[in-house]
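# fold the following for me, if possible:
(2 chains)
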Amino acid sequence: MEIHRYEKIWTAGALLLIVGLIATVTYGAVGPGVKMIDDSGGTVDPGSLGDTEFGDPGVTRVAEDEYEVHVVARQFLFQPGTTEPIRVPADSTVTFYITTPDVTHGFELAGTNVNLMVIPGQVSEVTVRFDEPAEYGIVCHEYCGAGHHTMAGQLVVVPEDEYRSEES
Amino acid sequence: MAYVDDFPTDARIVRWNMAVAFLALGVGGLFGMVQALHRTGYFRGFVSSADYYTVLTGHGVLLALVFTTFALCGLFTWGVTRSLDRSLPSARFAMTWFGLMLVGSLMAAVTILGGLVPSMPLSADVLYTFYAPMEAHPLFYLGLTLFIVGSWLAGVDWFRTYWRWRGDNPDARIPLQTFMVLTTMLMWYISSAGVAVEVLFFLLPWSLGLIQEVDPLLTRTLFWYFGHPVVYFWLMPAYFIWYTVLPKLSGGRLFSDPLARVVFVLFLLLSTPVGFHHQYVDPGIPEGFKFIAMTNTMFLLLPSLLTAFTVVASMEHGARQRGGEGRLSWLRKLPWDEPAFAGCALAGLMFAAGGFSGMINAGMNINYLIHNTLWVPGHFHLTVGTASALTFMAAGYWLFPQITGNRLRFRTLATVQPYLWFVGMTLMSNAMHRAGLAGIPRRTAEPQYGSVAFEGVVGGVSEMRLQIAIGGTLLFVALVLFLLVVFATWLGGDGTDTLRVNSSIPTPLSGPEHSPRILDNLKLWTAVAIVLIALAYGLPLWALVGDGLFAPGSPPIPV
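Coordinates of the predicted model:
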């Protein structure tokens, strides 16, 4: 097969670009340790969330500076998140467990990498480190019915000492 | 002699397919403008925010499926009959697949639009992705089924034409256009099997109440098995035009026929085992499978990058034939006032930008920043909305005279139209990309959220909204101009004009004789494609159905 010299150079460049892109992602996973959302959250019966840890969703402290947040996404609110903000302390590691009893939703901390799908029957698990006090908007970014655009909430990262004094 | 003189029956089939395609484009485009004005808050008098999703579903289904597939059927019927120099075997068979697709489209469209009429018991505002457990009326799923089956039969028709030609020409190389049609259809058969299984075995019986629950993650995975290859089902006919027609429009010849074949074989092999890249942020799928899908997705960049080279090289050759010189000043010699050429060239240029934002989507970690934000529609309005749509429109300027026998009407409007589309899309798409970086979600009726402040990296949110509104309006104006030109061309003559163009296509600079015959071995490539899919999808699907086909299950939820 006859391939023009420029064509060969271009093809080599294209392959190099592709391998380079794969390399950056691989580096992100093994170097800085960028975690992906996977099947670690397990499955759950969407019809009986009440019998699980999602029966009483909210923030639990599991160790020094480590917290778990269980969130139920449903048409059209996050529990917690929408009626009252999710509150976590700064300088902590927070693992979110999110599921839904009805349809597919999204969970995005606007403008950050915390961005995932919430699918009936599956538990989405993601671990985030919050260093500084801040406020984040939570958006449902998957269409979930006629009121989809009203489904939003807030996450507030409060200063550590303030959080401790509220807790006690 | 025009194509219509040699193949009057096939020309009619091409015309009808094109007519349905462009009518769907008109309606879907109108919906697009409604959305652009509604969600930016500039004019909200068309529909309520709750009905916005009905309009959005109509926009997605009419443009991403109906418009693209009918346009493809028109272009491919023309390409097969022209390049093999023989008619489709049976006009009745052609009318069968055309009719099935049309009836299926109408059923889906009526069910969707029923959502706007409260007194009608129909609705299907489940968006183009129809994720379970949101439920549409059974007629919606049935319409989609008929539509897909019709598209399969269209492929059978082109294969039948090819087999008859092969009987008469046992040793000849497959003509390039037919080669492209056959590889595209093989890819389509393999990939649309996913959505066929999803709809026939799960969603349709479930919406009829025959089964109680479906597994939302499994049906979603089957959707995305088809959901990315369908992108190539839109794009490959655009490539088909860029490889075979654009060089001629530029004034020259295709640079390399063998490389064009390699590109289409690569699409056949790599299109399907990439679907998981739409599910990077889904729970329930192990990270390793996502990584395999990512490597496949990245390698799928290769055929597009090769296409960029060949198409630009062919355009340069054409420009030099027209007296172009210098390193870049040959660009000025290209026929920029020829609507068919300008449309294809601008579409290709915008596709390059869309390709780069696609690389971001494909990157497993940076995807987290933009998943399900406005970035994504920003991206695919450059791919399907420009690379495909503008190319099909441009091809229409060139093809309609030949399939009707009438010269092009309103030539000035036709000359302006591709540029107007280009400007409208530049405004809309760049703003959508930047809005996505600010975290503004896609698929929502509202410009603002009470509890969320979006901050743009570059520029302000209100400026982005303005650009989206203006861009969307310009796109609709460009669409109206296009429809005026083609329908006036079609209806405004008696088929006996002297045409400025003909459908003969010059031979490539490097022809098929320079490529190994194994490239034409379609059985081999199909087998390799299936093996690759089994590797990418075998284990994950096995894991998903390990706990039962319908578990963890969800009953239907009306929206």
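# who in the stretch 51-200 of chain B is up against chain A?
B:Y53, B:L56, B:D125, B:L127, B:Y131, B:P133, B:M134 (C-beta under 8 Å from any C-beta of the partner chain). C-beta here means a position set from N, CA and C on the backbone, and glycine is covered the same way.
# return the subset of those residues lying in helices.
B:Y53, B:L56 (DSSP state H).
# from the residues of the stretch 51-200 of chain B next to chain A, pick the one nearest B:G209.
B:P133 (13.7 Å; C-beta to C-beta).
# what count of nearby residues applies to the nearest residue to that closest one once chain neighbours are set aside?
Nearest residue to B:P133, sequence neighbours excluded (C-beta to C-beta, 6 or more residues apart in numbering or on different chains): B:S554, at 3.8 Å. Summarising burial for B:S554: neighbours were counted as other C-beta atoms under 10 Å in any protein chain shown, giving 29.
# report pLDDT for A:A23.
Per-residue confidence for A:A23 comes out at a pLDDT of 95.
# can you pull the poorly scored residue ranges out of chain A?
A:168 (pLDDT under 70).
# tell me which stretches of it form strands.
Applying DSSP state E to chain A gives strands spanning A:58-63, A:66-74, A:77-79, A:86-89, A:92-99, A:105-109, A:115-118, A:124-130, A:134-139, A:152-158.
# that older thread, identify those among the residues of the stretch 51-200 of chain B next to chain A that sit within strands.
B:M134.
# give me the residue from the stretch 401-550 of chain B nearest chain A.
B:V452 (2.6 Å; C-beta to the nearest C-beta).
# how about the residues of the stretch 251-400 of chain B near chain A?
Residues of the stretch 251-400 of chain B lying near chain A (C-beta under 8 Å from any C-beta): B:255-256, B:258-259, B:279-287, B:290-291, B:294-295, B:298-299, B:301-302, B:305-306, B:309-310, B:313, B:359, B:362-365, B:368-369, B:371-373.
# so who does B:G456 touch?
Applying C-beta atoms under 8 Å, 6 or more residues apart in numbering or on different chains to B:G456 gives the contacts B:R434, B:A435, B:L437, B:A438, B:M464.
# and the residue in chain B sticking out farthest from the centre, what's its pLDDT?
Distance to the chain centre peaks in chain B at B:S451, reaching 36.8 Å (criterion: C-alpha atoms, centre = their mean). Note for B:S451: predicted pLDDT of 81.
# and the one 3 residues further on, by the same measure?
pLDDT, the model's per-residue confidence, is 89 for B:F454.
# any idea how far B:Y243 is from chain A?
B:Y243 sits 14 Å away from chain A, going by C-beta to the nearest C-beta, to the nearest Å.
# which strand residues bridge the closest residue in space to A:A73 that isn't next to it in sequence?
Counting by C-beta to C-beta, 6+ apart, A:H105 is the residue found nearest to A:A73 once chain neighbours are left out, at 4.1 Å. On the basis of DSSP bridges, A:H105 is bridged to A:V118.
# what about A:H105, how many neighbours?
28.
# how many neighbours does B:L210 have?
With other C-beta under 10 Å as criterion, B:L210 counts 8.
# looking at this, it is in a strand?
No - under the criterion used here (DSSP: H, G, I helix; E, B strand; the rest coil), B:L210 is coil, not part of a strand.
# which residues does whichever residue of chain A sits closest to chain B contact?
Residue nearest to chain B within chain A: A:G137 (2.6 Å; C-beta to the nearest C-beta). Listed by C-beta under 8 Å, 6+ apart, the contact set of A:G137 reads A:L109, A:A110, A:A152, A:G153, A:Q154, B:G439, B:Y449, B:S451, B:V452, B:A453, B:F454.
# helix, strand, or coil at the closest residue to A:H149 other than its chain neighbours?
Leaving aside its sequence neighbours, A:H149 sits nearest to B:E446 (C-beta to C-beta, 6+ apart; 3.9 Å). Three-state call for B:E446 (three-state DSSP): coil.
# count the neighbours of B:V501 for me.
By other C-beta under 10 Å, 17 other residues sit near B:V501.
# confirm it sits in a helix?
No - counting by three-state DSSP, B:V501 is located in no helix; its state is coil.
# what residues are up against it?
If you count contacts by C-beta under 8 Å, 6+ apart, then B:V501 has B:W398, B:P401, B:Q402 around it.
# mind exporting stretch B:409-420 as PDB, just the C-alpha atoms?
The C-alpha trace of stretch B:409-420 is given here as PDB (Å, rounded to 0.1, in the frame of the first residue of the first chain):
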ATOM      1  CA  ARG B 409     -33.100  28.800  -7.000                       C
ATOM      2  CA  PHE B 410     -32.300  31.800  -4.800                       C
ATOM      3  CA  ARG B 411     -28.600  31.300  -5.300                       C
ATOM      4  CA  THR B 412     -27.700  34.400  -3.200                       C
ATOM      5  CA  LEU B 413     -29.600  33.100  -0.200                       C
ATOM      6  CA  ALA B 414     -27.800  29.800  -0.700                       C
ATOM      7  CA  THR B 415     -24.400  31.500  -0.700                       C
ATOM      8  CA  VAL B 416     -25.100  33.400   2.500                       C
ATOM      9  CA  GLN B 417     -26.600  30.500   4.300                       C
ATOM     10  CA  PRO B 418     -23.600  28.400   5.300                       C
ATOM     11  CA  TYR B 419     -21.800  31.500   6.700                       C
ATOM     12  CA  LEU B 420     -24.900  32.400   8.700                       C
END
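# other residues contacting that stretch?
Here stretch B:409-420 makes contact (C-beta under 8 Å, 6+ apart) with B:337-339, B:342-343, B:346-347, B:390, B:393-394, B:397, B:408, B:474, B:477-478, B:481-482, B:484-485, B:488-489, B:492.
# in strands, which of the residues you listed fall?
Among those, no member lies in strands (by DSSP E).
# mind checking which of those residues are buried?
With burial judged by 16 or more other C-beta atoms under 10 Å in any protein chain shown, the buried subset of these is B:338-339, B:342-343, B:346-347, B:390, B:393-394, B:397, B:408, B:474, B:478, B:481-482, B:485, B:488-489.
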